[in-house]
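Student: With the sequence up front, the predicted model follows.
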Amino acid sequence: MTNTNFLKDTAVAKAFYDEGAFVQTSADGFKVFIGPFKGYSSFAEAQSARRSESDPILYNSNFWSFLDRNSPKNEYFTSEKSFECSREQLKLFCAKKDGIIDNIDWNSVHKAEFQQQYDWIQDQIGHGKLLKALPIALQSGHGDLPLRLPFILEKIIQQPTVNYSYGFWNSQSGMVGYTPEVLCSWNKNNSELKTMALAGTWRKNSDQVTPDFSDQKIKDEHNFVIQDIRNQLKSFSLIHQSETTVIELTHLYHLKTHFVYSCDSIQKYIEAVHLLHPTAALGLFPREMTMTQEFSQINIQKTRQQFGAPLGYVSHEEGFMLVAIRNIIWTDRDIQLFAGCGVTKESLFADEWQEILAKQDSVKKMLGVES
């Protein structure tokens, strides 16, 4: 583990809050990055520019970037400092800057935009072109997120959960959140690439103690994601596929299936990242480029930025990518809270809308940004 003596330095903590990033990698492990960051369009370019060979390189992209891989985009970022630390170390480090509670004024959720996407999806399903897709809804707000950031970090890193916390910001904009979904991870020592299908959601409520396991819509939604992962990684050797289980979050339940594949290099791992994103948990199934292009232009799909995109880090020794959901994104005083839900032919609009509201409510509670 990297020497973390400088975690005691208040000036380093200030630099972290000015321009920083972190990625939770396990129940008690975190990778922390301190800017300034510099972006590059390829792993090779970032690798040649990093301070030392052992430095991990941050990866942060926009959701729809995969539609045009031929146009260079800065998705790989070098940092001024990076280190590994435990939860307790990160809590002490983050506490070195005082936060200020600045009220967030939330607007109502944009229902009409969600309805337009939902209707488009059901029309495609009705014509036999789609089996599943994910419409999103936006709740926008206004407030000073950088002032509040120390409180948000304190809240989401306080206790171990099945979620992974993460963030990436500078003085003008940023994103912070927690996600139950890992896109894929890789370790050179065992040459294993791990990924997961995470789809199918039940809302927790006082009337229903356990999820309704007979819900065919939720089972179909999850099975589409399994099929998509198997299709996309067919050039990789599958080592193991787990049984599907239910994971319990603070406010929701999800279905989850693990996969282990053979992967012998960082180049193959980056290929897998590009093949997987977006899985059917976030994108269209089956994958079809013309429909995907059309869907990407429907109202707020055009402005979703990093919501649902891969975020993590890569090096020649390992790679780790989260799916950036359950987050808030900000630019200056403008705040965005996106949420999505899987839609199939069995979907009912009222149920999907309630799932959207439940997810957005859970994000506000987990991040402490209800108001």
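Tutor: Yep, that arrived.
Student: OK, contacts around the nearest residue to W106 once chain neighbours are set aside?
Tutor: For W106, ignoring the flanking residues on the chain, the nearest one in space by C-beta to C-beta, 6 or more residues apart in numbering is G141 at 4.3 Å. C-beta here means a position set from N, CA and C on the backbone, and glycine is covered the same way. Neighbouring residues of G141 by C-beta atoms under 8 Å, 6 or more residues apart in numbering: 104-107, 334-337.
Student: Then L131?
Tutor: Shown in contact with L131 (C-beta under 8 Å, 6+ apart): 125, 220, 224, 285-286, 344-345.
Student: quick one: the strands in the stretch 251-371 of the chain?
Tutor: 252-262, 310-314, 318-323, 327-331, 334-340 (DSSP state E, counting those that start in this stretch).
Student: re earlier: redo the contacts of G141 as CSV? Include distance to G200, pLDDT and neighbour count.
Tutor: Converted to CSV, the contacts of G141 look like this (distance: C-beta to C-beta, whole Å; pLDDT from 0 to 100; neighbours: other C-beta atoms under 10 Å):
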residue, distance to G200, pLDDT, neighbour count
I104, 31, 91, 20
D105, 34, 94, 11
W106, 28, 96, 18
N107, 30, 96, 11
D334, 32, 95, 13
I335, 29, 96, 21
Q336, 25, 97, 19
L337, 22, 98, 26
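Student: Going along the chain, name the helices of this structure.
Tutor: 10-18, 43-49, 87-94, 111-126, 145-156, 216-232, 266-276, 289-295, 349-367 (DSSP state H).
Student: Generate TSV for these, with distance to E318 and mean pLDDT as supplementary columns.
Tutor: TSV is the format used below for the helices of the chain (distance: least, C-beta to C-beta, whole Å; pLDDT from 0 to 100):
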stretch	distance to E318	mean pLDDT
helix 10-18	22	90
helix 43-49	13	94
helix 87-94	19	91
helix 111-126	36	98
helix 145-156	23	91
helix 216-232	20	93
helix 266-276	8	97
helix 289-295	30	97
helix 349-367	27	94
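Student: List just the one of these that sits closest to Q305.
Tutor: For the helices of the chain, proximity to Q305 was assessed by C-beta to C-beta; helix 145-156 is nearest, at 14.5 Å.
Student: Return the set of buried residues in that closest one.
Tutor: 145-146, 148-153, 155-156 (16 or more other C-beta atoms under 10 Å).
Student: Pick the one among those residues closest to V273.
Tutor: Ranked by distance to V273 (C-beta to C-beta), the buried residues of helix 145-156 are led by I156 at 24.2 Å.
Student: which one in the chain is furthest away from the centre?
Tutor: Taking C-alpha atoms, centre = their mean as the measure, the residue most remote from the mean C-alpha position of the chain is H127, 31.1 Å away.
Student: Tell me the confidence at it?
Tutor: Note for H127: predicted pLDDT of 97.
Student: what do you get for D212?
Tutor: 69.
Student: pull the CA atoms of stretch 92-99 into CSV?
Tutor: The C-alpha trace of stretch 92-99 is given here as CSV (Å, rounded to 0.1, in the frame of the first residue of the first chain):
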residue,chain,number,x,y,z
LEU,A,92,-10.1,11.1,8.7
PHE,A,93,-8.7,12.6,5.5
CYS,A,94,-12.1,13.9,4.3
ALA,A,95,-12.8,15.4,7.7
LYS,A,96,-9.9,17.8,7.3
LYS,A,97,-12.1,20.3,5.5
ASP,A,98,-15.2,21.8,7.0
GLY,A,99,-18.4,21.8,4.9
